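Asks: Have a look at this prediction, sequence included:
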Amino acid sequence: MNAIHAAERIAPGALAGIDLNLVVAFDALAHDRSVTLAAQRIGVTQSAMSHALRRLRVLLGDPLLVRGQSGMVLTPRAELLAIPVRSGLVTLGRALSGPLRFEPGSARRAFRIATPDLFDVLVIPALLERVRVEAPGVDLSVVPIDPRRLPALLETGDVDASIVPRFEQVSAQPLPLQESPGLVRRVLFRDDYSCLIRADHVALRGGREKRKRGAKAPRLSIEAYAALNHLSVSPGGDGRGVIDRALEQHGLTRRIALRIPAFYTALEMVRRSDLILTAPSALARFVPEDGSVVAFPPPISVPSHTLNLTWHERFTQDPGHVWLRELVTEVSREEMRAG
């Protein structure tokens, strides 16, 4: 059976004849790429899942799941169906789970937010406190950002919202998620960059004791800055960043001696090494109180960036989603003003 015949068999007028359990089974198979794991996910036997897969293959005229070099893989037809099916099930599940109105005080709902780790430290504690007061039945899950999968996760509703950095003056975005179709963004706040380095680093004239007595922030020439060993926070593990592009404008490059995925962890790395870190200025709030790490403006011009609340337009009018977005926006801006 070819794809056209399959489309004819599942035309809108024939939807009443489709077993919804097959749609649930397909969603599990697309997610796990395994009959065994998919069966466990929805609580049926492996035999029942194998039978569901056979029925799906007949219904859609496609093998859907085939063997590949590293295990089972989806066919192109199944890849095209995976996101729409997941989106439909999420929407249906929410529609059946309760009324369209959202009353925070009595609501029972779980939200998933994908965030960078620095945002977690800055905002999530205050956000959680507000949720516990205003909506004690609401649960939050904070998950790391996966740039490759995040647009699809936002579209399906598996992730409700994400916090995404954006450099307004840089053409090559580290996380170009706002360009994906259907995504909506709202600027939460803007931030600049600061250099963080061990206070008694040999590159800093005067040393730690002089700065303790209230001296001005240390300064480095562009050449001295570029010559240092750098620490880079790269969630993806590689790639050129905005600092590298800024140095290139001066004909300079830097050596990145260490890459790590998290900003907050980087502070301890700086304190215990001769590495210099150039990071969002918000991170400077968390330098150790003992003065072992100092922060100062970079010797190069680095574009400011914004932190954006990002979601899919499918959920713009969802009352619970509206409540979540407004709360994240309010708490984020309050925390940045407090700093």
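Replies: That came in fine, so what should we check first? Residues are numbered from 1 along each chain as shown.
Asks: what about the longest helix in this protein?
Replies: The helix that spans the most residues within the chain, counting by DSSP state H, is helix 76-97.
Asks: Give the partner strands of the following helix or strand past it in its sheet and their orientations.
Replies: Remark: after helix 76-97, the chain's next helix or strand is strand 109-114, criterion DSSP states H and E. Each strand that strand 109-114 pairs with, and the sense of that pairing, follows from DSSP bridges: strand 138-143 (parallel), strand 161-167 (parallel).
Asks: deepest of those, which one?
Replies: Mean neighbours per residue, mean count of other CB atoms under 10 Å, is largest over the strands paired with strand 109-114 for strand 161-167, with a mean of 22. For glycine as for every other residue, the C-beta is placed from the backbone atoms N, C-alpha and C.
Asks: which residue is nearest the centroid of the chain?
Replies: For the chain, Ile145 is the residue whose C-alpha lies nearest the centre (CA atoms, centre = their mean; 2.4 Å).
Asks: residues near Asp27, how many?
Replies: 21 (other CB atoms under 10 Å).
Asks: Identify each buried residue in whatever helix or strand it lives in, please.
Replies: Asp27 belongs to helix 20-32 when elements are defined using DSSP H and E. Buried residues in helix 20-32, defined by neighbour count with 16 or more other CB atoms under 10 Å: Val23, Val24, Ala25, Phe26, Asp27, Ala28, Leu29, Ala30, Asp32.
Asks: Ok, stretch 74-87 next?
Replies: Leu74, Ala78, Leu81, Ala82, Val85, Arg86, Ser87.
Asks: For the first one, what are phi and psi?
Replies: Spelled out, it's Leu74. phi -80, psi 140 (degrees, to the nearest 10).
Asks: OK, contacts around it?
Replies: Residues touching Leu74, when contacts are defined by CB atoms under 8 Å, 6 or more residues apart in numbering, comprise Ala30, Arg33, Leu64, Leu65, Ala82.
Asks: How about the fifth one?
Replies: For Val85, the contact set (CB under 8 Å, 6+ apart) comprises Val23, Phe26, Asp27, Ala30.
Asks: if you set the cut-off to 10 Å instead, what comes out?
Replies: By CB atoms under 10 Å, 6 or more residues apart in numbering, the contact list for Val85 reads Val23, Val24, Phe26, Asp27, Ala30, Ala78, Thr156.
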